[in-house]
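Chemist: curious how this folds, go ahead:
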Amino acid sequence: MAGAAIAVATLFPPQAFAAEEHGLPGATMSLWWALPFAGLLLSIATGPLLFHHVWEHHYGKITALWAALVVVPLIAAFGVPAATEAVLHTVLTEYMSFIILLFALFTISGGILLAGNIHGTPLVNAGLLLVGAILASIIGTTGASMILIRPILRANDARRFNAHVVIFFIFLVSNIGGSLTPLGDPPLFVGFLRGVDFFWTTTNLWRETLFVSGVVLIVFLVIDIVLHRREAGAPKIKDPTPDKTVRLRGLPNIPLLAGVIGAILLSASWKPGVSFSILGVSLELQNLMRDAIILALAFLSLAVSRKSHREANGFNWGPISEVAKLFAGIFICIVPVIAILRAGHEGALAPLVSLVTSPTGQPNDLAYFWLTGALSSFLDNAPTYLVFFELAGGDPRHLMTEAAPTLAAISAGAVFMGANTYIGNAPNFMVYAIARHRGVKMPGFFGYMAWSGLVLIPTFLIAGFLFFG
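Modeler: Residues are numbered from 1 along each chain as shown. So this is what the prediction gives:
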């Protein structure tokens, strides 16, 4: 009982029982509040590896439990109105828009089928990876990965060495390529929701993206040429995919993807000044219209797409359902962490603030790049981006202008280094699972990290010193 009393007193200091007028009092909140967030991310990282069967059937319940461990203490500490407003603000203004966009990109891209057989020579593979990396910033890393992974697997199904093609596909298409627009990768869309201009990343990250993508693509080409020549002297494998004309099917979905982009641009440029309040949370008309249009386009895709195209793509609702449940918990669990970070040097995370700040008080951009990237390698890169976005001040106007190098470092770290592990970004594990199902002998968790350690880490070291050092 005495231990419980001490824990309660630490978690709920007396001076914190009344919430501030605007948001939670982060300066008075201890690090105990970050435990549910850390616990959920640890569960996501280790669940599929250590207790796969339990996680597969109960990840939604586990996520809900961690979220409850945030909501209930918030109500107990700060009262129902303050806790409700804090959680609802995150859910209604950030999570809903975030998951609606992912749902739409996942649904519409699932109706687009690249049919036929392409022969995976080194130049053809490099071309497919380049196209995929470009598409990743237009239709998202998830959309580009789901459209292209099956064609590139068919292109290489007659080769003895093909796992490396999938590995570099994850590097470039599922991660690095999505760094130029908010459509590309979830963390950048979170930044867009926080007020970062739509084309800010395009104009501020193109050099870093071009350098990293170019280096990784050249390394792939060298490796693929060497392995392709080794295969020349080995017995030939009969191509299981019959030669057919390559065709792009599901074309009605292309204008629907363009419509998603148009809806986002509309919400960024059209500001009517009209808002609606739901339990104290203000929702702006342009954002509601954007989400409604994107949802309508997703459902229209289901109506106009042929069932056979989705079946050929192996389309099912499992991946997006899992992402929706996990991210709901993540966005709720991060609420108290954000409040503490907003307190800056007065909050419990002051040591972290000092780590990314030079002795003169200026931000250490190289530290931002590596810390954001290191956490994005093992945790989810969207909430990681959000943590460091807030750590850098959380003011989008300031971050896009005077602190532009800092925001660029955070953005690059979150997007690029999501490729370091299978769990760094949502499409990584989806691509891995599809490849294994198609018979590709993919490396395990640590085997993949050996590839990323040899290829990506040296590239990021050079890029960090070139652009953020």
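Chemist: what about Thr142, which SS state?
Modeler: Here Thr142 is helix, with the state taken from DSSP: H, G, I helix; E, B strand; the rest coil.
Chemist: which outside residues touch stretch 407-416?
Modeler: 175-176, 178-179, 184-185, 187-188, 191, 196, 200-201, 204-205, 208-209, 212, 365-366, 368-373, 376, 381-382, 384-385, 388-389, 392, 399-400, 456, 460, 463, 467-468 (Cβ atoms under 8 Å, 6 or more residues apart in numbering). Placement of C-beta: from N, CA and C, glycine included.
Chemist: what about these, which are in helices?
Modeler: Among those, the ones falling in helices (DSSP state H) are 187-188, 191, 200-201, 204-205, 208-209, 212, 365-366, 368-373, 376, 381-382, 384-385, 388-389, 399-400, 456, 460, 463, 467.
Chemist: got the contact list for the nearest residue to Leu295 once chain neighbours are set aside?
Modeler: Counting by Cβ to Cβ, 6 or more residues apart in numbering, Leu295 lies nearest to Ile100, which is 5.8 Å off, once chain neighbours are set aside. The contact partners of Ile100, by Cβ under 8 Å, 6+ apart, come to 291, 294-295.
Chemist: please pick the buried ones from those residues.
Modeler: Neighbour-count burial (16 or more other Cβ atoms under 10 Å) applied to those gives 291, 294-295.
Chemist: hmm, back to that, next, format the contacts of Ile100 as a markdown table and append pLDDT and secondary structure.
Modeler: Shown next, in a markdown table, are those (pLDDT from 0 to 100; DSSP: H, G, I helix; E, B strand; the rest coil):
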| residue | pLDDT | secondary structure |
| --- | --- | --- |
| Asp291 | 93 | helix |
| Ile294 | 94 | helix |
| Leu295 | 95 | helix |
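Chemist: which of those residues lies closest to Val216?
Modeler: Ile294 (31.2 Å; Cβ to Cβ).
Chemist: if we can go back for a sec, mind checking which of the contacts of stretch 407-416 are buried?
Modeler: Judged by 16+ other Cβ under 10 Å, buried ones among the contacts of stretch 407-416: 175-176, 178-179, 184-185, 187-188, 191, 196, 200-201, 204-205, 208-209, 212, 365-366, 368-373, 376, 381-382, 384-385, 388-389, 392, 399-400, 456, 460, 463, 467-468.
Chemist: quick one: low-confidence ranges for the stretch 151-300 of the chain?
Modeler: Scanning the stretch 151-300 of the chain for pLDDT under 70 picks out 233-244.
Chemist: kindly recompute the last result at 80.
Modeler: Scanning the stretch 151-300 of the chain for pLDDT under 80 picks out the ranges 158, 232-246, 268-269, 279-280.
Chemist: all strands of it, in order?
Modeler: Using DSSP state E, counting those that start in this stretch, the strands of the stretch 151-300 of the chain run over 247-249, 275-278, 281-284.
Chemist: ok, now the stretch 1-150 of the chain?
Modeler: 113-115.
Chemist: all helices for it, in order.
Modeler: With helices called from DSSP state H, counting those that start in this stretch, the stretch 1-150 of the chain shows them at 2-11, 35-50, 52-78, 80-90, 96-109, 122-155.
Chemist: please produce JSON lines containing the ones you listed, extended by distance to Phe331.
Modeler: Formatted as JSON lines, the helices of the stretch 1-150 of the chain follow (distance: least, Cβ to Cβ, whole Å):
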{"stretch": "helix 2-11", "distance to Phe331": "21"}
{"stretch": "helix 35-50", "distance to Phe331": "10"}
{"stretch": "helix 52-78", "distance to Phe331": "9"}
{"stretch": "helix 80-90", "distance to Phe331": "5"}
{"stretch": "helix 96-109", "distance to Phe331": "8"}
{"stretch": "helix 122-155", "distance to Phe331": "18"}
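Chemist: among those helices, which comes closest to Trp317?
Modeler: Of the helices of the stretch 1-150 of the chain, nearest to Trp317 by Cβ to Cβ is helix 96-109, at 8.9 Å.
Chemist: great, nothing more from me.
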